[in-house]
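K.L.:
what follows is a predicted protein model with its sequence.
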Amino acid sequence: MFINGEWVESKFGKFCEIINPYNQEIIAMVSEGDESDSKAAITAARKAFNRGDWSTMDVKERCKVVHKIANLIERDREELANLESLDTGKTIEESRGDMADVTAVFRYYAEMAETEIGDETINSPISNSTSKIVREPVGVCAQITPWNYPLLQASWKLAPALVAGNTLVMKPSEVTPLTTIKVFELMEEAGVKRGVANLILGPGNSVGAELASNEDVDLISFTGGLATGKKIMQSASSNVKNLALELGGKNPNVVFADADFETAVDQAMNAVFFHAGQVCSAGTRLILEESIHDEFVGALVDRVKSIRLGNGFDKSTQMGPLISEEHLNKVINYVEKGKQEGVTVAVGGKLPDDPELQNGFFYLPTVLTDCTTDMSVVQDEAFGPVITVEKFTTEDQAVRLANDSIYGLSGGLFTNDTAKAERCAAKMRMGTVWINDVNLYFPQAPWGGYKQSGIGRELGKTGLEEYLETKHIYHNLKPKPLNWFK
Ligand SMILES: NC(=O)c1ccc[n+]([C@@H]2O[C@H](COP(=O)([O-])OP(=O)(O)OC[C@H]3O[C@@H](n4cnc5c(N)ncnc54)[C@H](O)[C@@H]3O)[C@@H](O)[C@H]2O)c1
Ligand SMILES: C[N+](C)(C)CC=O
């Protein structure tokens with residue numbers, strides 16, 4: 001753990017094993033902290049904030065440091081990508097893509113903050129006065145991240161928090177902390193000042209819960225599951241912390257009969273089988289126009305049968321394992337419940353037989369048909385390689401089905417009719433709608449959810465706003481008594 005500029009073990013000297021989900025080998029032993037370590041990290045961040053050498057530093061100087069972090073991540077990208085694949089099981093190509101995205105996020109905020117963070121003079125309606133708006137850091141930020149995109153999700157929080165002048169305590173998932181540890185080494189090398197960025201490791205219900213409830217924390221930014229998000233929201237109320245929540249999704253992918261067939265089939269696969277479906281924005285609900293349903297499902301099933309499962313470091317592997325035995329069991333139970341509810345398993349729906357995969361947490365890519373919106377498989381987030389298929393006959397019905405969820409993170413639409421696409425996109429209650437594409441994100445565009453998919457936005461200018469307070473300074477240039485109470 002990295003607290004107050006020093007690499008330390010947890011106060012009680014506990015360690016935990018980090019497992020490769022492909023073969024269950026132990027790949028690292030890392031410190032396991034508890035509440036007392038969280039408190040020490042929060043104290044360090046508070047002292048650093050009050051010291052002011054980072055929070056009041058010229059924004060251009062902070063941006064230089066953040067540019068340097070980007071350069072160091074680029075320098076060590078191959079090492080970082082290897083660590084990410086070992087830790088998560090995702091293919092090395094995916095991890096390389098993630099590292100390029102991580103670098104881009106640090107660069108984006110380092111460039112953008114120079115112009116976005118500055119004073120703004122406004123026209124005061126009162127004579128002999130000036131009025132200006134200044135932007136200041138929020139203070140001590142707690143940042144909690146999940147296991148599916150460990151460093152990418154961390155970068156969406158670290159980069160804007162740092163350029164804005166905050167101090168922070170980050171807690172990565174206890175399952176996948178390796179790349180976050182490495183990036184804290186790089187931040188130290190880049191010259192982030194003592195106590196500004198602190199890293200604690202350990203379980204969510206102790207280390208994480210302390211971050212959410214501690215009254216010396218000004219802002220909590222959380223990415224993870226809905227149930228945890230609700231707990232964090234409750235704890236954050238203790239001192240009315242600023243709150244940013246990036247939660248789950250049950251994302252529809254609507255395909256109209258006029259869409260390009262090959263593209264739509266190909267993208268329906270990308271939408272859900274990329275990273276074995278362990279993606280918040282995975283297009284897990286395929287909603288097909290009835291007239292193409294049978295042909296589409298036939299083509300999809302044919303292609304799904306040939307997805308190659310394996311070690312993320314093998315060039316031929318297209319899909320890796322799930323993250324853990326616990327998570328595999330969750331996916332198994334989810335599909336079994338669907339079978340009881342009456343779905344048809346068109347392909348998959350079980351563990352693979354391949355002897356080479358028996359030590360990993362693999363599940364076969366699965367297509368479930370005859371699904372209806374009232375089924376748990378259509379409503380619950382599986383976070384695995386499972387797609388459900390529903391049918392529609394009218395545009396209105398397609399939009400109604402797409403919106404029939406407690407979540408509202410993202411959705412896809414495939415059609416060659418631009419007017420129809422725009423009409424549907426306008427009615428879809430989601431933070432991101434992709435037309436003729438899926439699962440795209442980039443630093444310039446805000447990311448976040450409607451409804452129970454979250455609060456606030458990461459990335460883009462909005463992602464920086466989360467880390468800034470707004471202060472109005474009014475100056476009376478000719479003060480004199482008002483005599484109101486004369
Ligand atoms: N909206 C997004 O951008 C986005 C991105 C990635 C993942 N996710 C979501 O994340 C979920 C999967 O990740 P996960 O299984 O790691 O989620 P999770 O909620 O189990 O854990 C996320 C993080 O919260 C910590 N945590 C757990 N209990 C806590 C508590 N009581 N107090 C404070 N912290 C606690 C964990 O240790 C971990 O670091 C999925 O639901 C997925 O959709 C969302
Ligand atoms: C936000 N994203 C798509 C990078 C990861 C979601 O799990």
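P.N.:
Everything's here; your move. Ligands and ions are numbered 1, 2, ... in the order given.

K.L.:
now do the same contact list for Ile92.
P.N.:
Ala81, Asn82, Ser85, Gly312, Phe313 (Cβ atoms under 8 Å, 6 or more residues apart in numbering). To be clear about C-beta, it is placed using only N, CA and C from the backbone, and glycine gets the same treatment.

K.L.:
can you check the pLDDT for the second one?
P.N.:
Predicted confidence (pLDDT) at Asn82: the value is 98.

K.L.:
near ligand 1, which residues of the stretch 201-350 of the chain show up?
P.N.:
Residues of the stretch 201-350 of the chain lying near ligand 1 by Cβ under 6 Å from any ligand atom: 203-205, 208-209, 212, 223-225, 228, 231-232, 246-249, 280.

K.L.:
buried ones among the residues you listed?
P.N.:
Among these, those classed as buried by 16 or more other Cβ atoms under 10 Å are 204, 208-209, 212, 223-225, 228, 231-232, 246-249, 280.

K.L.:
ok, and Asp266, which helix or strand is that part of?
P.N.:
Secondary structure from DSSP states H and E places Asp266 in helix 261-273.

K.L.:
what helices or strands is the helix or strand following that helix leaning on?
P.N.:
Going down the chain from helix 261-273, the next helix or strand is strand 285-289, by DSSP H and E. Packing partners of strand 285-289 (3 or more Cβ pairs under 8 Å, 6 or more residues apart in numbering; DSSP states H and E): strand 252-255, helix 261-273, helix 293-305, strand 386-392, helix 395-403.

K.L.:
hey, which of these is tucked in deepest?
P.N.:
Highest mean neighbour count among those (mean count of other Cβ atoms under 10 Å): strand 252-255, with a mean of 27.

K.L.:
ok, it: who's next to it in the sheet?
P.N.:
strand 285-289 (parallel), strand 410-414 (parallel) (DSSP bridges).

K.L.:
next, the spatially most central residue of the chain: phi, psi?
P.N.:
With distances taken as Cα atoms, centre = their mean, the residue of the chain nearest its centroid is Gln153 (4.6 Å). Gln153 adopts backbone torsions of phi -70, psi -30, taken as degrees, to the nearest 10.

K.L.:
over to the one 5 residues further on?
P.N.:
Dihedral angles phi and psi of Leu158 (degrees, to the nearest 10) take the values phi -60, psi -50.

K.L.:
how about the residues of the stretch 1-150 of the chain by ligand 1?
P.N.:
Ile144, Thr145, Pro146, Trp147, Asn148, Tyr149.

K.L.:
so of those residues, which ones are in strands?
P.N.:
Ile144 (DSSP state E).

K.L.:
just the buried ones among the residues of the stretch 201-350 of the chain next to ligand 1 now: which is nearest Asn483?
P.N.:
Ala212 (50.0 Å; Cβ to Cβ).

K.L.:
tell me which element that closest one falls in.
P.N.:
Per DSSP H and E, Ala212 falls inside helix 209-213.

K.L.:
wait, Leu464 sits on Ala161?
P.N.:
No: Leu464 is beyond contact range of Ala161, at 9.3 Å (criterion: Cβ atoms under 8 Å).

K.L.:
re the thing from before, so how far is the helix holding Ala212 off the chain centroid?
P.N.:
19 Å (Cα atoms, centre = their mean, to the nearest Å).

K.L.:
check which element follows that helix along the chain.
P.N.:
strand 219-223.

K.L.:
contacts for that following strand?
P.N.:
Here strand 219-223 has contacts from 138-146, 153, 156-157, 161, 166, 211-212, 228-229, 232, 236, 241-247, 456, 458, 466-467, using Cβ under 8 Å, 6+ apart.

K.L.:
if we can go back for a sec, just the pLDDT for the residue nearest to the centre of the chain.
P.N.:
98.

K.L.:
again with Val335
P.N.:
In this prediction Val335 is given a pLDDT of 98.

K.L.:
that one: what's it in contact with?
P.N.:
Val335 neighbours (Cβ under 8 Å, 6+ apart): Val345, Gly349, Thr366, Leu368, Val377, Ala382, Val386.

K.L.:
mind listing what the third one touches?
P.N.:
Thr366 makes contact with Val304, Val335, Val345, Val347, Gly348, Gly349, Pro385, Val386, Ile387, according to Cβ under 8 Å, 6+ apart.

K.L.:
now for those residues: which two are most distant?
P.N.:
Val304 and Val335 (14.2 Å).

K.L.:
about what we covered before: state the pair within the contacts of Val335 that is farthest apart.
P.N.:
Val345 and Ala382 (13.7 Å).

K.L.:
which one of those two is surrounded by more residues?
P.N.:
A direct count of neighbours by other Cβ atoms under 10 Å for Val345 and Ala382 places Ala382 higher, at 25 against 17.
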